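Student: This is the structure alone, sequence omitted:
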């Protein structure tokens, strides 16, 4: 956050308490109790906003799914604070810093809109997800253009090698037969060469 001088010493001393500021009502308590630590204030402000959202979502059944988003952001914020990171949560970080702009609400509206659509129509695919699928398909086709010709060439080489192995085996059999014939002829020659 702007105006906060967060030092490594502050992070080292206070990261456990900063992580606890993402645990529901503790965010307000920690925000009010530990004003001397900029690191705790940074995370406690984000935790307080998440706590406020959870209170707004809970009474209304259609928005209860928003609780899952709040919970996920709380877990993510808890981990970041415990690791000693100064990380602004999406949209929540902007709200905590007081620099809310139209783009922040646009992102939030996009997420909420597609979440609501998914509740009614589970097979709904968001434009971002569709774009990711198209990129994956393009990557797969690109790899296929490289891999398939190599695989075909490899199969052709395997066929050639197996053909050569078969020829070698046949020739070895023929050589074995010829050796037997030579041996028989040698025996006949020896038998004819012996005096009677």
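Tutor: The structure has been received and is ready for your questions. Here the structure is a predicted model, which means the values were calculated and not measured. Residues are numbered from 1 along each chain as shown.

Student: so for stretch 11-29, what's the average pLDDT?
Tutor: Averaged over stretch 11-29, pLDDT sits at 83.

Student: Could you give the separation between the terminal residues of that stretch?
Tutor: This stretch, stretch 11-29, spans 19 Å end to end (CA to CA, to the nearest Å).

Student: contact partners of it?
Tutor: With contact meaning CB atoms under 8 Å, 6 or more residues apart in numbering, stretch 11-29 is reached by 30-31, 34, 37, 39-40, 42-44, 46-48, 50-51, 54, 74-75, 77-79, 81-84, 86. C-beta here means a position set from N, CA and C on the backbone, and glycine is covered the same way.

Student: Separate out the buried members of the residues you listed.
Tutor: 30-31, 34, 37, 39-40, 42-44, 46-48, 50-51, 54, 74, 77-78, 81, 84, 86 (16 or more other CB atoms under 10 Å).

Student: Just the element for residue 19, please.
Tutor: helix 8-20 (DSSP states H and E).

Student: so where's the longest helix in the chain?
Tutor: helix 127-193 (DSSP state H).

Student: any idea how far that helix is from the chain center?
Tutor: Distance of helix 127-193 from the chain centroid (CA atoms, centre = their mean, to the nearest Å) equals 39 Å.

Student: So, low pLDDT: which residues of this structure?
Tutor: For the chain, the stretches flagged by pLDDT under 70 are 1-4, 61-63, 94, 99-119, 122-129, 148, 196.

Student: quick one: residue 92 from residue 42, how far?
Tutor: 12 Å (CB to CB, to the nearest Å).

Student: likewise residue 11?
Tutor: Taking CB to CB, one finds residue 11 at 10 Å from residue 42.

Student: Overlap in contacts, the two.
Tutor: residue 86.

Student: on that earlier part again, let's see which of the buried ones among the contacts of stretch 11-29 end up in helices.
Tutor: Short answer: the buried ones among the contacts of stretch 11-29 in helices (DSSP H) are 30-31, 39-40, 42-44, 46-48, 50-51, 54, 74, 77-78, 81.

Student: can you pull the contacts of residue 81?
Tutor: Per CB under 8 Å, 6+ apart, neighbours of residue 81: 15, 18, 19, 21, 22, 43.

Student: ok, 6 Å please
Tutor: Contact analysis of residue 81 by CB atoms under 6 Å, 6 or more residues apart in numbering lists 18, 19, 43.

Student: cool, residue 30 as well?
Tutor: Taking CB under 6 Å, 6+ apart, one finds 21, 44 in contact with residue 30.

Student: let's go with 8 Å and repeat that
Tutor: Taking CB under 8 Å, 6+ apart as the test, what residue 30 contacts is 17, 18, 20, 21, 40, 44, 47.

Student: ok, of those residues, which one's closest to residue 178?
Tutor: Nearest to residue 178 among those, counting by CB to CB, is residue 18 at 88.2 Å.
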